[in-house]
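*Asks:* could you look at this predicted model? Sequence included:
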Amino acid sequence: MADVDPDSAHLLMLTTRRLDDLDRRIAGFTRQRERVRTVEERLMRGQAPTDQELVRVLTGLPDAETGLNRRITLFVYAAIATAQRYPVDVFGFAPGELTRDESGKVVHGEVFAGDGVIWMHREAEEHRLASPATLGAASYCTAVHVDDLDAHFTRVKAAGGEITQEPAAMPYDVREYGARDSEGGLWSFMEPLDDEEEE
């Protein structure tokens, strides 16, 4: 390790390759998890999965489509730097990078929520991209699973978050509550119902 130069281009190439490899593995596990979850949901509803679904779940066969390996969520904000701080300070997300153009204006931001990254894009009339603050209505709604819904709700409320819906049991087997971000985007935080709550 003493021979490793942290400023070398070779080290950057190694880290880039390692991240690419991890992204591919995570994407593969995520696809496998969704296949298993789909079969589980059908079984819980008393429906029979197809033979192909069962074989893929039991043997871990890969999807026929292998070109898709990563999904990145992208939201549009008018004030990206402020929009990045809000989910970090209020929702408890982890901050990512902020990118500025030649004039110093922030044109890209990132935050991390659990296993996912969220990119924050500038408003762009040429692409018909506008913030909820500009539109006057929420243009997206994102659901985030949390370990302890009540604790998270208490944190967000104490931090001054705008709550749109108090925690409640929903007919789709989760408890959830709603909140808005700094520009009016709608967020849903949820946890699975336990057996007693479902009854």
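*Replies:* Ah, there it is.
*Asks:* which other helices and strands contact the longest helix along the chain?
*Replies:* In the chain, with assignment by DSSP state H, the single longest helix is helix 9-44. Helices and strands touching helix 9-44, by 3 or more C-beta pairs under 8 Å, 6 or more residues apart in numbering; DSSP states H and E, are helix 51-59. (C-beta placed from N, C-alpha, C; glycine too.)
*Asks:* what packs against the helix it packs on?
*Replies:* Counting by 3+ C-beta pairs under 8 Å, 6+ apart, helix 51-59 packs on helix 9-44.
*Asks:* what about the helices in the chain?
*Replies:* Using DSSP H, helices in the chain cover 9-44, 51-59, 80-86, 132-135, 149-158, 195-198.
*Asks:* Serialize those to JSON lines and add fields for mean pLDDT and mean neighbour count.
*Replies:* Formatted as JSON lines, the helices of the chain follow (pLDDT from 0 to 100; neighbours: other C-beta atoms under 10 Å):
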{"stretch": "helix 9-44", "mean pLDDT": "73", "mean neighbour count": "12"}
{"stretch": "helix 51-59", "mean pLDDT": "73", "mean neighbour count": "12"}
{"stretch": "helix 80-86", "mean pLDDT": "95", "mean neighbour count": "19"}
{"stretch": "helix 132-135", "mean pLDDT": "94", "mean neighbour count": "16"}
{"stretch": "helix 149-158", "mean pLDDT": "97", "mean neighbour count": "15"}
{"stretch": "helix 195-198", "mean pLDDT": "54", "mean neighbour count": "8"}
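*Asks:* ok so, going back, chain center to the longest helix of the chain: distance?
*Replies:* 14 Å (C-alpha atoms, centre = their mean, to the nearest Å).
*Asks:* okay, the helices of the chain in a markdown table with distance to residue 93 next?
*Replies:* Below are those laid out as a markdown table (distance: least, C-beta to C-beta, whole Å):
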| stretch | distance to residue 93 |
| --- | --- |
| helix 9-44 | 18 |
| helix 51-59 | 32 |
| helix 80-86 | 9 |
| helix 132-135 | 18 |
| helix 149-158 | 11 |
| helix 195-198 | 26 |
